[in-house]
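1. I would like to see how this sequence folds:
(2 chains)
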Amino acid sequence: DAGITQSPRHKVTETGTPVTLRCHQTENHRYMYWYRQDPGHGLRLIHYSYGVKDTDKGEVSDGYSVSRSKTEDFLLTLESATSSQTSVYFCAISESRDGYTFGSGTRLTVV
Amino acid sequence: RKEVEQDPGPFNVPEGATVAFNCTYSNSASQSFFWYRQDCRKEPKLLMSVYSSGNEDGRFTAQLNRASQYISLLIRDSKLSDSATYLCVDARGNGGYQKVTFGTGTKLQVIP
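-> Got it, this is the predicted structure:
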């Protein structure tokens, strides 16, 4: 399997607190993505990166920020967590047009 | 209308049966198509790409119909281990980045 890991795997946090999720890859892929998956909505793109310090917004970026200071790491920050951000978050990587490889996901609960 | 639409199912089929799923896409500019498999509480995994000429990998066959804007996945001789949700994906764009849209998935349950 491709080398992509997410941390933490599970997190419970309180409303209003900042939360950072980490995605780490060992494949040296150029593109990295953060998705959230919710029942009835499927996978929705939050932010993506096309290189170190190069990021752009996806379709559901409000309330989220990202940073990519190294090729291998892509961080997703919830600036002030809300209950609507309770979800499963997946990181993905790609290099070509041959599809994505996903991390195992982070289950985030905001209480 | 959703960009990528799938019948959510569930499709309940007996072991050994043949089952087919369709997925429609709304953007005629879509260039690449994929099927992903997602097991319960797991990450999606790429099952196969869908080429204009079709694609076959063992018991799995994927077809693309550009005229009617749909892709299909056929699974022959279903196994219990095929039970999962199958996600349809389309992608479009130039250069390295593609805009990728995931369907919400079709659930398959293979019954002994």
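2. can we go C-alpha only for contacts and neighbour counts from here?
-> Noted.
3. give me the low-pLDDT residue ranges for chain B?
-> Along chain B, segments meeting pLDDT under 70 span B:94-96.
4. how many other residues sit next to A:E72?
-> Per other C-alpha atoms under 10 Å in any protein chain shown, the neighbour tally for A:E72 reads 19.
5. relative to chain B, how far out is the nearest residue to it once chain neighbours are set aside?
-> Once flanking residues are discounted, A:E72 sits nearest to A:Q25: 4.9 Å by C-alpha to C-alpha, 6 or more residues apart in numbering or on different chains. In this structure, A:Q25 and chain B are 15 Å apart, going by C-alpha to the nearest C-alpha, to the nearest Å.
6. wait, what's in contact with A:Q25?
-> Taking C-alpha atoms under 8 Å, 6 or more residues apart in numbering or on different chains as the criterion, A:Q25 is in contact with A:3-5, A:72-73, A:93.
7. which element is the closest residue to A:V60 other than its chain neighbours on?
-> The spatial neighbour of A:V60 that comes closest, neighbours along the chain excluded (C-alpha to C-alpha, 6+ apart), is A:I46 at 4.9 Å. Assessed by DSSP states H and E, A:I46 sits inside strand A:42-51.
8. what sits up against the next helix or strand after that strand?
-> On the C-terminal side of strand A:42-51, the nearest following helix or strand under DSSP H and E is strand A:54-57. When contacts are taken as C-alpha under 8 Å, 6+ apart, the neighbours of strand A:54-57 outside the stretch itself are A:46-49, A:66-68.
9. for the helix or strand just after strand A:54-57, C-alpha coordinates in CSV please.
-> Next along the chain after strand A:54-57, taking DSSP H and E as the criterion, comes strand A:64-70. Once side chains and other backbone atoms are set aside, the C-alpha atoms of strand A:64-70 remain, and they are given as CSV (Å, rounded to 0.1, in the frame of the first residue of the first chain):
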residue,chain,number,x,y,z
TYR,A,64,-10.9,25.3,7.4
SER,A,65,-7.4,26.3,6.6
VAL,A,66,-4.4,24.2,5.3
SER,A,67,-0.7,24.4,5.2
ARG,A,68,2.0,22.5,3.3
SER,A,69,5.5,23.4,4.4
LYS,A,70,7.0,20.2,3.2
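10. hang on, A:V12 packs against A:T109?
-> Yes - shown here, A:V12 and A:T109 form a contact pair, counting by C-alpha atoms under 8 Å, at 4.7 Å.
11. in which helix or strand does residue 34 reside?
-> Picking chain A for this. Going by DSSP H and E, A:W34 is part of strand A:31-38.
12. wrong chain, I was asking about chain B
-> Here B:F34, judged by DSSP H and E, is contained in strand B:32-38.
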